[in-house]
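S.K.: Let me see the structure of the following:
(one chain, ligands or ions: 1)
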Amino acid sequence: MADTAKISIGGKTIDLPILKGTTGPDVVDIRKFYAESDAFTYDPGFTSTASCESKITYIDGDAGVLLHRGYPIGELAEKSTFLDTCYLLLHGELPNAKQYADFEHTITYHTMLHEQFDRFFQGFRRDAHPMAIMTGAVGALSAFYHDSTDINDPQQRMISAHRLIAKMPTIAARAFKYFTGQPFVHPRNDLSYAENFLRMCFSVPAEDWKPNPVLTRAMDRIFILHADHEQNASTSTVRLAGSSGANPFACIAAGIACLWGPAHGGANEEALNMLKEIGTVDRIPEYIQGVKDRRYRLMGFGHRVYKNYDPRATVMQKTCHEVLAEVGDADDPLLKVAMELERIALSDEYFIERKLYPNVDFYSGITLRALGFPAEMFTVLFAVARTVGWISQWKEMIEDPAYKIGRPRQLYTGALQRAYVPVDKR
Ligand code: CMC
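M.R.: This is a model prediction of the structure:
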């Protein structure tokens, strides 16, 4: 391919540089296009737009490949721990033993919340959706940790990253406890990240949470699977919010708000609701017909980038079987519905033609339910895991000398200038 692309517009030919990444499609650099052509490019939904340069995560949607800093997601899910993956995303390399121990210590010793912070939760209605609580509570962190909101100080950037990774499970567990009407459980420093989170969610004064290595490992793996995913909607939201110079806690709150939508992180909750609605295997054909009639979508299916099996879904399916076997639910009727639905969809022309495959959310709902979480918590768990991706991407942007405020333009199709009409003349 030539090193420049040419666009002819208004009788003028404009040369646009072609940028090459280490892998993936070439990128046509249109930064000077408006100045030279007086025209904008139009790409709602950003289907053809690379919004930034990044070294963190690579996805080949056609091949079903997901790499974090070069490492395949399947290998990380198998061999890494969530904190190991966090360090990798944040720093670019896997930690050595000392770096890992130091990082684990730092995260562990930042898990507590300021005591006054707990009063925030009391302000929510007692049945508030945990994602509503998350959006508000995480934004409120910036009111408590002023000493890590100077985005121009690299040390403060790192401290805010550590605080976010460490405190998200504590906030998420409180949102859960508040939602269920149980007392808050404080973090404990002798437990791993996943153990601590599960205990803060499931321990009650009458009975302590009992560790279970299979379930703890599954929780940790679910966190790894959701840790980052390139420039998805919530990550782009975090970058856009951060591009104005907003503090990292505010930016992550913006990311959580975006994640909540059913087309994004809210899909796991919707996917489980869908499986419950279908209920039994014999009702699948009728449900599939409704999808084809465009009355609704098959939740947990399809992806903007993956036009192949989502590699996270492969691991999630395996984890789902392990968790269900461990909790004695291997015959869960919803698992049967999910497996049959997947089988039928993968052999149906409607789905084949559109390259619709299960995504990470298809099996995560059943797995999380078996771990003991209600559907309202599913997106919260996604947010806990994705925090490291958001903050790594935010940091990368702030540290990029080329970064500037994100300010897209538009194709204006509204009224032309006209004179104001006084109310008695309208
Ligand atoms: N069920 C049925 N048809 C679908 C689905 C689906 N889940 N997804 C896409 N299609 C069809 C769509 O109707 C369209 O058909 P046609 O060309 O005939 O009009 C075609 O496939 C392309 O769809 P699109 O909306 O242009 O695709 P998109 O890239 O904009 O949407 C998506 C991607 C994830 C929003 C979409 O696939 C979807 O709504 N899936 C269900 C929600 C879901 O599971 N989301 C989780 C994504 S993975 C986790 C995350 O990233 O948060």
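S.K.: My guess is D3 contacts D15. True?
M.R.: No: judged on CB atoms under 8 Å, D3 makes no contact with D15 at a distance of 9.2 Å. Glycine gets a C-beta too; all of them are placed from N, C-alpha and C.
S.K.: higher neighbour count, these two?
M.R.: Neighbour count, other CB atoms under 10 Å: between D3 and D15, D15 has more, with 13 against 10.
S.K.: What is whatever helix or strand that one lives in packed up against?
M.R.: In the assignment (DSSP states H and E), D15 maps to strand 12-19. Under the contact criterion of 3 or more CB pairs under 8 Å, 6 or more residues apart in numbering; DSSP states H and E, strand 12-19 touches strand 4-9, strand 27-28, helix 33-37.
S.K.: and these, which is most packed in?
M.R.: strand 27-28 (a mean of 16; mean count of other CB atoms under 10 Å).
S.K.: For it, which outside residues touch it?
M.R.: 5, 16-21, 50 (CB atoms under 8 Å, 6 or more residues apart in numbering).
S.K.: How many residues are close by the residue lying closest to G389 once chain neighbours are set aside?
M.R.: Among residues not flanking G389 along the chain, D228 sits closest, at 2.9 Å (CB to CB, 6 or more residues apart in numbering). Using other CB under 10 Å, D228 has 27 neighbouring residues.
S.K.: and D228, backbone torsions?
M.R.: Here the main-chain torsion angles of D228 (degrees, to the nearest 10) amount to phi -160, psi 160.
S.K.: can you tell me how far it sits from T85?
M.R.: 9 Å (CB to CB, to the nearest Å).
S.K.: Spit out the residues that contact those two alike.
M.R.: Counting by CB under 8 Å, 6+ apart, the residues touching both D228 and T85 are 68, 388.
S.K.: now whichever residue of the chain sits closest to the ligand, nearest residue through space, not along the chain?
M.R.: Nearest residue of the chain to the ligand: G302, at 2.4 Å (CB to the nearest ligand atom). In this structure, G302 finds its nearest non-sequential neighbour in L356, 4.4 Å apart by CB to CB, 6+ apart.
S.K.: Mind naming the longest helix for this structure?
M.R.: Counting residues, the longest helix found in the chain (DSSP state H) is helix 154-180.
S.K.: residues of that helix that come out buried?
M.R.: 156-179 (16 or more other CB atoms under 10 Å).
S.K.: Show me what the next helix or strand after that helix is in contact with.
M.R.: For helix 154-180, the succeeding helix or strand toward the C-terminus, using DSSP H and E, is helix 193-202. Outside helix 193-202, the residues within contact range by CB under 8 Å, 6+ apart are 81-83, 104, 107-108, 111, 169-170, 172-174, 176-177, 184-188, 191, 208-209, 211, 215-217, 219-220, 223, 371-373, 384.
S.K.: Buried subset of the residues you listed as a ChimeraX selection?
M.R.: Applied in ChimeraX, the following selects the buried portion of these according to 16+ other CB under 10 Å:
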select :81,82,83,104,107,108,111,169,170,172,173,174,176,177,185,187,191,209,215,216,217,219,220,223,371,373,384
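S.K.: How far does stretch 10-19 sit from its chain's centre?
M.R.: Distance, stretch centre to chain centre, for stretch 10-19: 36 Å (CA atoms, centre = their mean, to the nearest Å).
S.K.: That should have said stretch 245-253, apologies.
M.R.: For stretch 245-253, the distance to the chain centre is 16 Å (CA atoms, centre = their mean).
S.K.: in it, what's buried?
M.R.: Buried residues in stretch 245-253 (16+ other CB under 10 Å): 246-253.
S.K.: Quick one: the residues you listed as JSON lines, columns for pLDDT too.
M.R.: Formatted as JSON lines, the buried residues of stretch 245-253 follow (pLDDT from 0 to 100):
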{"residue": "A246", "pLDDT": "97"}
{"residue": "N247", "pLDDT": "97"}
{"residue": "P248", "pLDDT": "97"}
{"residue": "F249", "pLDDT": "97"}
{"residue": "A250", "pLDDT": "97"}
{"residue": "C251", "pLDDT": "98"}
{"residue": "I252", "pLDDT": "98"}
{"residue": "A253", "pLDDT": "97"}
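S.K.: Which one of those residues is nearest to K425?
M.R.: A246 (43.5 Å; CB to CB).
S.K.: Let's verify that closest one: helix, strand, or coil?
M.R.: coil (DSSP: H, G, I helix; E, B strand; the rest coil).
S.K.: distance of it from G139?
M.R.: Taking CB to CB, one finds A246 at 10 Å from G139.
S.K.: State the phi and psi torsions of the spatially closest residue to F82 that is not a sequence neighbour.
M.R.: Once flanking residues are discounted, F82 sits nearest to F223: 4.1 Å by CB to CB, 6+ apart. Per-residue torsions, F223: phi -60, psi -40 (degrees, to the nearest 10).
S.K.: Run through the residues that contact F223.
M.R.: Shown in contact with F223 (CB under 8 Å, 6+ apart): 82, 193-194, 381, 384-385.
S.K.: could the residues you listed go into a markdown table alongside distance to the ligand and pLDDT?
M.R.: Output for those, formatted as a markdown table (distance: CB to the nearest ligand atom, whole Å; pLDDT from 0 to 100):
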| residue | distance to the ligand | pLDDT |
| --- | --- | --- |
| F82 | 18 | 98 |
| Y193 | 22 | 98 |
| A194 | 21 | 98 |
| L381 | 12 | 96 |
| V384 | 14 | 98 |
| A385 | 11 | 98 |
